[in-house]
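Colleague: heads up, no residue letters with this:
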């Protein structure tokens, strides 16, 4: 079977599984992973190899950029203390917890290998978190916390992974060096992401060609990721930061028509990459399982079960004990910081930490041999445990998260959007009062009727004065919505949807 046939088969499988997922009301990442597992068990099919470089340099940069683009810098700043506690403290504790547990229950599982496994499983996956949570109607502040954590904690997890991997392959370890590496990885990744995002925004400001601008936006995450990787800092943080910068500045820099085309392009691209990646993760079962040789099946199952219980148990325990305590101890109170989480909200945040492609790529990237020339100890077991925890976590947590989400007393997304529309219409009416002396009575009456009832729309054939006035009022609506977002009254998802409605009106009038 050729690569072209495999690609066509993957895309067809993605479409079929997603349609089924939407019919049964299950988040499609879960069914895609399970479908991949089932497909991999079909006799006669060639094994599909998912190379670490393909995940790290092809799939992840645009997906991380899109996740950062749709996130809110204001919401991330407001929850900086809580995000930091999870992204640094919990990751380090999870790394140590898994290492201790596996060292104790698996004979011959050395400390370096145990810490490698712990570091791989400690960070949650941003792609998984965004894919599942955006379909559950999770309250905006919880979604911002969960997404913010998953977008940041790879810097801690991957740094711990590199340190543990070096100890396993060379037999040396330095805590001081590891601490310095962590700080450098985080700061360097953010700095490179900001620089690339700023440069891309300056370039796109000079362009007036939507296809070219969209092509530039596609290059941004790859350039940021590769530049950060070359500088040995966090490519994930660089891609996320570039996305955050671009998302924050797009309204002031780019025309409505360009934004509409770019959003459509990125929506399709992110869907295809994300879906294919989840399916490919499931397809790894046969190859990963075939590497488990000479190990007792019961011991392997125990290693998987203990790893899953430790990462989930520590996370939930952290949410009710150490996390709240550290949040109070850390000095300062960020502007707009939400109140402490309620008990059910803590449970949802704790239960939402799923592992995904970053963990799998890190596991597959473990070298086959160490510096002495011997095989890397327990490599096959580590890879299998990581794969099993990803699949079981996605299935168990993903299927039960909607049950927890429904128990939260949260404002529905539709209510938030309606509130935003009402504020925007009132802002347009206020602007209309200021502009009345410069407009004819008929145009003013029609505009007042439009905004008063929000039923009829004024088309481009209503005359140049009406069009100019309508565009001015659309600008007032945009400013009102962005003001609501800055004040914390409108979450990022509702803001983007309402701005898209205004962009559609803007583009139609022009």
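Modeller: That came through, no problem. Fair warning: this is a prediction, and the values are worked out from it, not measured in the lab. Numbers count the residues shown, from 1 in each chain.

Colleague: which outside residues touch stretch 7-22?
Modeller: When contacts are defined by C-beta atoms under 8 Å, 6 or more residues apart in numbering, stretch 7-22 is touched by residues 27, 28, 30, 31, 32, 35, 39, 272, 275, 276, 279, 280. C-beta coordinates here come from the backbone N, C-alpha and C atoms, glycine included.

Colleague: mind checking the pLDDT average for it?
Modeller: Across stretch 7-22, pLDDT averages out at 85.

Colleague: repeat that for stretch 328-348.
Modeller: Regarding stretch 328-348, the rounded mean pLDDT is 79.

Colleague: how about stretch 392-406?
Modeller: Here stretch 392-406 scores 83 as its mean pLDDT.

Colleague: how about stretch 143-156?
Modeller: 82.

Colleague: and it, how far out from the chain's middle?
Modeller: Here the centre of stretch 143-156 is set off from its chain's centre by 8 Å, with C-alpha atoms, centre = their mean, to the nearest Å.

Colleague: what does stretch 246-264 give?
Modeller: Using C-alpha atoms, centre = their mean, the offset of stretch 246-264 from its chain centre is 20 Å.

Colleague: how about stretch 369-387?
Modeller: On C-alpha atoms, centre = their mean, the centre of stretch 369-387 falls 29 Å from the chain's centre.

Colleague: about what we covered before: could the contacts of stretch 7-22 go into TSV alongside distance to residue 239?
Modeller: TSV is the format used below for the contacts of stretch 7-22 (distance: C-beta to C-beta, whole Å):
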residue	distance to residue 239
27	23
28	23
30	25
31	27
32	22
35	28
39	30
272	18
275	19
276	18
279	22
280	20
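
Colleague: and those residues, which two are the farthest apart?
Modeller: Spatial extent of the contacts of stretch 7-22 (C-beta to C-beta) is set by the pair 27 and 39 at 18.9 Å.

Colleague: hang on, the earlier thing: out of the contacts of stretch 7-22, which comes closest to residue 151?
Modeller: For the contacts of stretch 7-22, the nearest to residue 151 is residue 27 (19.1 Å; C-beta to C-beta).

Colleague: touching, the closest one and residue 398? I think so.
Modeller: Yes. Counting by C-beta atoms under 8 Å, residue 27 touches residue 398, with 5.4 Å between them.

Colleague: what secondary structure does residue 489 sit in?
Modeller: With DSSP: H, G, I helix; E, B strand; the rest coil as the basis, residue 489 sits in coil.

Colleague: can you count the residues close to it?
Modeller: 15 (other C-beta atoms under 10 Å).

Colleague: distance of it from residue 444?
Modeller: Per C-beta to C-beta, to the nearest Å, residue 489 is found 29 Å from residue 444.

Colleague: any chance you could map the strands in the stretch 1-150 of the chain?
Modeller: Using DSSP state E, counting those that start in this stretch, the stretch 1-150 of the chain contains no strands.

Colleague: low-confidence stretches in the stretch 351-500 of the chain?
Modeller: Counting by pLDDT under 70, the stretch 351-500 of the chain shows low-confidence ranges at 409-419, 435-441, 452-467.

Colleague: residues in contact with the nearest residue to residue 277 once chain neighbours are set aside?
Modeller: Spatial nearest neighbour of residue 277, chain neighbours left out: residue 59 (4.9 Å); criterion: C-beta to C-beta, 6 or more residues apart in numbering. Contact partners of residue 59, counting by C-beta under 8 Å, 6+ apart, are 273, 276, 277, 357.

Colleague: likewise residue 359?
Modeller: Shown in contact with residue 359 (C-beta under 8 Å, 6+ apart): 120, 121, 123, 125, 386, 389, 390.

Colleague: residue 95 touches residue 119, doesn't it?
Modeller: Yes. In this structure residue 95 lies within contact range of residue 119 using C-beta under 8 Å: 4.9 Å.

Colleague: between the two, which contacts overlap?
Modeller: Shared contacts of residue 95 and residue 119, counting by C-beta under 8 Å, 6+ apart, come down to 157, 160, 164.

Colleague: of those residues, closest to residue 212?
Modeller: So of these, ranked by how close each gets to residue 212 (C-beta to C-beta), first place is residue 157, at 36.7 Å.

Colleague: can you report how many residues neighbour the closest one?
Modeller: Neighbours of residue 157 (other C-beta under 10 Å): 27.
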